[in-house]
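**Student:** Build me a model:
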Amino acid sequence: MPRDFKLQERLAGFVAHVATPAEKVMITTGELVSPDDPAEVQRVLGELQKTLFSKIPKFMPPLARHVVIIIRNDLSAVAYVDECIARAKARTTRAVEAGEIAMASDIAAVEDVELVLADSTTLNVPDDVAVIVYTAIDWRRSIYYDFGPLTEKRTRIGPLSKILALQMSMLLGIEKTPLAQTRTHVDLMAEGYQALRKLLNDKCDNEAMYQELLAVHHWMLGVGVYSEARRHLKFDDKNIPDFIATRCADGADDIFELKQPFLTCFKEEGGFASAFNDAWNQVEGYLLFAQDNRDYLAREKDVRVSNPRAILLIGHEWPAESLKKVRAKETNAPRIKVITYDQLLNQAAEVLRLMRSASIPD
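**Tutor:** Now for the predicted structure:
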């Protein structure tokens, strides 16, 4: 029988990084955790045991093989523990007969999955409720959760039938893990994009907020261009760039310096203001130090300097005439590149568009 229960607090998701009480944090509100990452599956299950599973009457998590939990906006909830089956629509690799047993090797792709109760009725999961689906096949386990409808007043991050089809594919070993990971990463990336957009819409002038955001979402600095980014790596007492990013192409490092978007960078007559000149001179100093001390940086800081570039992130929605002046200045210092925050946001939006189109089929 379905197990009804009530939560006392609204679940929002999982905190993405450590923060002090005064800091803002990124919250992961929805995710499909791959069975090929058992440590992460166990971590998520452990956290849910503290806040959710322990509220379900007569629920013994280690014994359950299939759990569906629905949480409504009024925090009333219902759990189906080993009470429904997943009925899949799949494409096969060969001709099959009705009633024939299908092996995993016979399945080319799982297209859709619906949840069916013991009386053969379909379990309807509305788009405006939170949902958790835990499934175990043999020793492989996966969990999908989406708390977004409880906190963001949004619908699901994708059709549930498609998400559960992807979950079943991973559990059966039909779908390769990178696709599932891409799906998860797209959701996290989208949260980072929305967080950046909100900071800009709110006219936030706290430089540290942007640094913290990009420390988690350093893909915005150049997905496919940089493999990793290290924050506040100290060259010496005077040279401490905001980020050192490693290029995918050759493993060498570039330098990133962030300033808040709303600095006054141009004088009324159109020339560069002191804030822009100071920022430019700062990244120029980083470059000179890196070039003059490449052996020291390689030996002591694990920084590889080979034709390094310095990227200065500063400003927001500059007029065309101001951008023209910046590009002219760059021609005299080709290793320095200036990116404004609206350009960063547009770049992130395009990356998200491409990744979404490649992740889950229609």
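
**Student:** residues touching residue 131, list them.
**Tutor:** Residue 131 sits next to 68, 69, 70, 71, 125, 144, 145, 146, 156, 160 when contact means C-beta atoms under 8 Å, 6 or more residues apart in numbering. C-betas here are computed from N, CA, C, even on glycine.

**Student:** Is it bridged to anything, and to what?
**Tutor:** residue 70, residue 146 (DSSP bridges).

**Student:** Next: the one 10 residues further on.
**Tutor:** The residues paired with residue 141 through beta bridges, assigned by DSSP bridges, are residue 136.

**Student:** Throw together a PyMOL command that grabs the buried residues out of the contacts of residue 131.
**Tutor:** Per 16 or more other C-beta atoms under 10 Å, the buried members of the contacts of residue 131 correspond to this PyMOL selection:
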select buried, resi 68+69+70+71+125+144+145+146+156+160
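
**Student:** Out of the contacts of residue 131, flag the one nearest to residue 4.
**Tutor:** residue 70 (10.3 Å; C-beta to C-beta).

**Student:** so who does that closest one touch?
**Tutor:** By C-beta under 8 Å, 6+ apart, residue 70 lies in contact with 77, 78, 125, 129, 130, 131.

**Student:** same thing but 10 Å
**Tutor:** Counting by C-beta atoms under 10 Å, 6 or more residues apart in numbering, residue 70 touches 2, 76-80, 123-126, 129-133.

**Student:** Can you give me the distance of it to residue 165?
**Tutor:** For residue 70, the distance to residue 165 (C-beta to C-beta, to the nearest Å) stands at 19 Å.

**Student:** Neighbours of residue 341, how many?
**Tutor:** 22 (other C-beta atoms under 10 Å).

**Student:** quick one: it and residue 260 touch, right?
**Tutor:** Yes. Using C-beta atoms under 10 Å, residue 341 is in contact with residue 260, at 8.9 Å.

**Student:** check contacts around residue 196.
**Tutor:** Residue 196 is in contact with 204, 209, 210, 213, 214, 217, 220, 341, 344, 345, 348, 349, counting by C-beta under 10 Å, 6+ apart.

**Student:** Distance from the strand or helix carrying the fourth one to the middle of the chain?
**Tutor:** Using DSSP states H and E, the element containing residue 213 is helix 207-216. Here the centre of mass of C-alpha atoms in helix 207-216, compared against the chain's by C-alpha atoms, centre = their mean, to the nearest Å, lies 14 Å away.

**Student:** Would you map the strands across the stretch 1-150 of the chain?
**Tutor:** 3-6, 14-15, 27-28, 30-33, 66-71, 76-81, 84-92, 107-117, 130-137, 140-146 (DSSP state E, counting those that start in this stretch).

**Student:** Likewise for the stretch 201-350 of the chain?
**Tutor:** Here the stretch 201-350 of the chain has its strands, by DSSP E, counting those that start in this stretch, at 226-231, 243-247, 253-258, 310-313, 336-339.

**Student:** any idea how far residue 118 lies from residue 289?
**Tutor:** 70 Å.

**Student:** More neighbours: which of those two?
**Tutor:** More crowded of residue 118 and residue 289, by other C-beta under 10 Å: residue 289, with 19 against 10.

**Student:** give the contact list for residue 337.
**Tutor:** Per C-beta under 10 Å, 6+ apart, neighbours of residue 337: 254, 256, 283, 309, 310, 311, 312, 313, 326, 327, 330.

**Student:** From those, pick the one nearest residue 9.
**Tutor:** Nearest to residue 9 among these, with distances taken as C-beta to C-beta, is residue 313, at 37.6 Å.

**Student:** beta partners for that closest one?
**Tutor:** On the basis of DSSP bridges, residue 313 is bridged to residue 258, residue 339.

**Student:** May I have the predicted confidence score for it?
**Tutor:** Residue 313 is assigned a pLDDT of 97 by the prediction.

**Student:** you'd agree it is up against residue 261?
**Tutor:** Yes. Assessed by C-beta under 10 Å, residue 313 is found in contact with residue 261 at 8.5 Å.

**Student:** anything in contact with each of those two?
**Tutor:** Joint contacts of residue 313 and residue 261 (C-beta under 10 Å, 6+ apart) are 210, 340, 341, 344.

**Student:** Now do the contacts for the last one.
**Tutor:** Right, residue 344. 196, 200, 210, 214, 220, 221, 258, 261, 313, 316.

**Student:** Any idea how many residues pack against the nearest residue to residue 289 once chain neighbours are set aside?
**Tutor:** Nearest non-adjacent residue to residue 289, counting by C-beta to C-beta, 6 or more residues apart in numbering: residue 239, 4.9 Å away. Neighbours of residue 239 under the rule other C-beta under 10 Å: 17.

**Student:** do residue 117 as well
**Tutor:** Neighbourhood size, residue 117 [other C-beta under 10 Å]: 14.

**Student:** Distance of it relative to residue 56?
**Tutor:** With C-beta to C-beta as the criterion, residue 117 and residue 56 are 17 Å apart.

**Student:** What is the end-to-end distance of stretch 247-264?
**Tutor:** Taking C-alpha to C-alpha, to the nearest Å, stretch 247-264 runs 31 Å from one end to the other.
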